[in-house]
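Colleague: Quick one, what's the 3D model for this:
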Amino acid sequence: MPRPLGELEDAVMTRVWKWNRPVTVREVLEDLQQERSIAYTTVMTVLDNLHQKGWVRREAEGRAYRYEAVSTRAAYSAALMNEAWGQSDNPAAALVAFFGMMSSQQREALRDAMRIVQPEVPSEVPAEVQAEVPVEVPPEVPAEVPSGPGEADREAGR
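Modeller: Numbers count the residues shown, from 1 in each chain. Just a heads-up that it's a prediction; the model follows:
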């Protein structure tokens, strides 16, 4: 299970995920500098740490590297939610509480997602429940989420 990203790691990964292509330290630095004062070496260290943790892979380009995300932000978020849910001593109650915190747009997104992963809801569940709460949450975490430091590189034989 991935540890939640730190504030600066998240700021860097947000750009890597948003741009969805290999990026350089300089590109990330220039974008971050629009919001904060930050040094090139700081961004380089954060990207190196993210590489060591398995969040990004890198390819040498001259004397520098280009970094690319190993997984998507959606997969990262799903893994964090799955981990938090798994920590509960009452998973059903945790889900009910979570659903109660959702906005109407989030509940509609949940319904859409459930239609994708479970197109046919069992008929024994009352229609009003089928419309509001998913019957089954898939237990698997997307495979592309790194499970620990350097996991992606080890799997790739690096």
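Colleague: looking at the chain, which helix or strand does the model trust least?
Modeller: One helix or strand of the chain scores below all others by mean pLDDT, DSSP states H and E: helix 151-155, with a mean of 42.
Colleague: What ranges does this protein have for its helices?
Modeller: Assigned by DSSP state H, the chain shows helices spanning 7-19, 25-32, 40-52, 73-86, 91-101, 104-117, 127-132, 151-155.
Colleague: Just tell me which of those ends up closest to residue 66.
Modeller: helix 25-32 (9.2 Å; CB to CB). C-beta coordinates here come from the backbone N, C-alpha and C atoms, glycine included.
Colleague: Buried ones in the closest one, by neighbour count?
Modeller: 25, 27-29, 31-32 (16 or more other CB atoms under 10 Å).
Colleague: What is the burial count for residue 8?
Modeller: The number of residues packed near residue 8 is 16, by other CB atoms under 10 Å.
Colleague: what's the closest residue to it other than its chain neighbours in contact with, if anything?
Modeller: Residue nearest to residue 8 in three dimensions, not counting chain neighbours: residue 46, with 5.6 Å by CB to CB, 6 or more residues apart in numbering. The contact partners of residue 46, by CB atoms under 8 Å, 6 or more residues apart in numbering, come to 8-9, 12.
Colleague: What mean pLDDT does stretch 4-21 get?
Modeller: The predicted model assigns stretch 4-21 a mean pLDDT of 96.
Colleague: Kindly report the same for stretch 95-108.
Modeller: 91.
Colleague: Run the chain-centre distance for it.
Modeller: 19 Å (CA atoms, centre = their mean, to the nearest Å).
Colleague: Can you measure across that stretch, start residue to end residue?
Modeller: With CA to CA, to the nearest Å as the measure, stretch 95-108 spans 16 Å from end to end.
Colleague: Can you list phi and psi of residue 90 for me?
Modeller: phi -140, psi 80 (degrees, to the nearest 10).
Colleague: what pLDDT does it get?
Modeller: pLDDT at residue 90 comes out at 91.
Colleague: Determine the number of other residues adjacent to it.
Modeller: Neighbours of residue 90 using other CB under 10 Å come to 9.
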